[in-house]
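**Student:** Could you look at this predicted model? Sequence included:
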Amino acid sequence: MKKISAAQTAAYVSLFVSILVLTLKVKAYYVTHSSAVLSDALETVVNVVTAFIALYAVKLAAEPADSNHPYGHGKMEYFSAAFEGGLIFFAALAILYSGAVAFFQNTEVHNYAEGFYYSLAATIINLLTGLYLLNVGRKSNSEALMASGKHVLSDVVTTLGVFLSLGLVYIFKDPRIDAVISLCLGLLLAREAYKIVRVNSGALLDEADEELLEKLSLSLEQNRTAPVIDIHHLRMIRSGNFHHIDAHLVVPEFYDIKTVHDISNDFEKAVVTQYEFDGEFAFHTDPCHRLYCAVCRVEACPVREQAFKNLKPWTTQHIVAGPRYSEQE
């Protein structure tokens, strides 16, 4: 029997909880006829749909690489999260529309207390679920779960707006307050949708992630050895939890092929072990051509033309740029 991962378990939990929360919010709308409560319920409909998608994405992303997908299936998580953001945006449009209609129709709100209790129960469940999804998503590096967790927590904020709406309408007896808050919630949701789509569409297009590059450069720096003279032209392809990295590695020009292979292989193992994601390197090895003597620590070098001075730090800017031959560059 195939073992279910923590990420897949979290996806199943998300699906079950989203259906439960939707039931509570539909009941809250049924008893109150509040536009803000309807907005909240519409967002939860999206939660249910995206929970199905996230479950499929997490299961597919866990599949190993094959002949048709040599880099694995991890990008499915980015697609899932971006698609979720798109659905959230359309839900925001529906909320804005319903809020505008409610404002001009002056729809009355009923049964404040009963609606409040249904919404309160849904909020507590969503808060716990959102925190759980974010925790599992961060530990498993699952973009789909993190997007779902952020969405569920934004749902909590939406429901807090519902509480505010019910309270203000109860105090001031003006149903248009409910419609105005519904419009504000729609705008807030549209903003959250944009952020989710922006981040994950960037990952689909292999946009450079400065935070990840910073972590990788730190690992490279901490594991550098004397024969690994320099690294440059580094590029990264993110496939979910698995990262494919190619770079140019500068080694002494007098080393034979086996020595160069062993050096690059040991360097890769050390870096990947320390890196928080799973990954692999594809190194293009460059001979030093006696251009790096000032930054090369190899002592028994028969071709050295100048003395070693000091090392260049392997910053993010350095590893992604072209070759630099001296400590001043």
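**Tutor:** Everything's here; your move.
**Student:** can you count the residues close to the residue lying closest to Gly161 once chain neighbours are set aside?
**Tutor:** Spatially, and ignoring its direct neighbours in sequence, Gly161 is nearest to Leu185 (4.8 Å; Cβ to Cβ, 6 or more residues apart in numbering). C-beta coordinates here come from the backbone N, C-alpha and C atoms, glycine included. Leu185 has 29 neighbours, counted by other Cβ atoms under 10 Å.
**Student:** Can you say which helix or strand has Leu185 in it?
**Tutor:** Per DSSP states H and E: Leu185 is located in helix 176-204.
**Student:** How is the protein partitioned into domains?
**Tutor:** What automatic domain parsing lists as the domains of the chain is 6-204, 210-320.
**Student:** Can you tell me which of the ones you listed is packed in deepest?
**Tutor:** Highest mean neighbour count among the domains of the chain (mean count of other Cβ atoms under 10 Å): domain 6-204, with a mean of 20.
**Student:** all helices of the protein, in order?
**Tutor:** Assigned helices in the chain, in chain order: 6-32, 35-61, 75-105, 112-140, 143-172, 176-204, 210-222, 257-274, 316-320 (criterion: DSSP state H).
**Student:** Mind giving me the packing neighbours of the first one?
**Tutor:** Pointing back at helix 6-32 there. helix 35-61, helix 112-140, helix 143-172 (3 or more Cβ pairs under 8 Å, 6 or more residues apart in numbering; DSSP states H and E).
**Student:** any idea how far the closest residue to Arg290 other than its chain neighbours lies from Val295?
**Tutor:** Nearest non-adjacent residue to Arg290, counting by Cβ to Cβ, 6+ apart: Glu305, 5.1 Å away. Distance from Glu305 to Val295, counting by Cβ to Cβ, to the nearest Å: 13 Å.
**Student:** Need the domains of the chain in CSV (columns: mean pLDDT).
**Tutor:** Formatted as CSV, the domains of the chain follow (pLDDT from 0 to 100):
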stretch, mean pLDDT
domain 6-204, 84
domain 210-320, 90
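**Student:** Tell me who's in contact with Glu253.
**Tutor:** 287-290, 303 (Cβ atoms under 8 Å, 6 or more residues apart in numbering).
**Student:** what's near enough to touch Leu183?
**Tutor:** Each residue near Leu183 by Cβ under 8 Å, 6+ apart is listed here: 95-96, 99-100, 103.
**Student:** again, only using 7 Å
**Tutor:** Contact analysis of Leu183 by Cβ atoms under 7 Å, 6 or more residues apart in numbering lists 96, 99-100.
**Student:** What of Ala11?
**Tutor:** So Ala11 contacts 54-55, 58, 145 (Cβ under 7 Å, 6+ apart).
**Student:** For Ile88, state which of those residues is nearest.
**Tutor:** In terms of Cβ to Cβ, no member of those lies closer to Ile88 than Ala54, at 12.7 Å.
**Student:** quick one: that closest one and Tyr78 touch, right?
**Tutor:** No: between Ala54 and Tyr78 there is no contact under Cβ atoms under 7 Å: 11.9 Å.
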